[in-house]
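Chemist: here you go, sequence then predicted model.
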Amino acid sequence: MNRRLLLLLPLVGFLVLAGFLYKGLSLDPKDIGSTMIGKPLPAFSLPSLEDPARSLGTADFKGQPALVNVWATWCPTCRAEHQMLNRLAGQGVAVYGINYKDDGDAARRWLTELGNPYRFNVEDPQGSLGINLGVYGAPETFLIDKDGIIRHKFVGAIDERVWREQLAPLYRELLDEAGQ
C-alpha cells in the first residue's frame, strides 16, 4: 500500500503544478494591479512643469474625475499615445500629467512640438511621486474620481480601443457620480 502511494505522489504533484500553469495562461500580463486602488493620491508637493516656481500638490487633482498620465520624453510608448491624449483633451476629458524621471527642458520642448493635452503637469525628476504611486515605468495612467481617489490603473499606451473598451466607460461612470 505504501509503495502504491509513493508511485502516485509524482502524479499528484504534476497535476497540481499543471493546474497552476493553466491558471497562469488565463491571466493578463499587462494587468499588474495596484495597491493604490481605492486610496487617495499620495501627498506631495512638486513643481509645475509649465511654471517651476509654482508648487503643485494633491489638492490640485481634486474637483473632477480625470486621467493622471505618467509620461516621459525618453519613453517611445508615451510618444505613441500622445496624439490620443491630445484628442481626449480636445473632447473635454480632464488629463493631468506627471513628467516622470525626465529633463524639464526636454519635456517642455516635447509639449511645444507635439501639443499639450495636460491641464497641468507635475515635474517629478527623481520619481518620488511615481514611486509612491507604484509606477513601474511609463506610460501608466490612473483614473481618479473628483475627490482624488484612484479608481483604476492602466499600464501601457492608451489607444482608441483601450479608451473605448476600458477607460471611457469608467470615466463616464465617475462623471455621473460627480453629477457632471
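Modeler: Done, it's in.

Chemist: so what secondary structure elements neighbour the helix or strand Ala80 falls within?
Modeler: Under DSSP states H and E, the secondary-structure element containing Ala80 is helix 76-90. In this structure, helix 76-90 packs against strand 66-71, strand 95-100, helix 104-114, with contacts taken as 3 or more Cβ pairs under 8 Å, 6 or more residues apart in numbering; DSSP states H and E. The C-beta positions use only the backbone N, C-alpha and C, and glycine is treated the same way.

Chemist: closest one to Gly38 among the ones you listed?
Modeler: Proximity of those to Gly38 was assessed by Cβ to Cβ; the nearest stretch is strand 66-71, lying at 15.1 Å.

Chemist: please report phi then psi for the nearest residue in space to Arg109 that is not next to it in sequence.
Modeler: Closest residue in space to Arg109, ignoring its immediate chain neighbours: Thr73 at 8.0 Å, by Cβ to Cβ, 6 or more residues apart in numbering. When read as degrees, to the nearest 10, the backbone of Thr73 gives phi -70, psi -20.

Chemist: contacts only, for Thr73.
Modeler: Contact analysis of Thr73 by Cβ atoms under 8 Å, 6 or more residues apart in numbering lists Asp102, Asp103, Ala106, Ala107, Arg109, Trp110.

Chemist: quick check: the farthest pair among the residues you listed?
Modeler: Once Cβ to Cβ is applied, these give Asp102 and Arg109 as the farthest pair, at 11.1 Å.

Chemist: who's more crowded, the two?
Modeler: Asp102 (22 against 12; other Cβ atoms under 10 Å).
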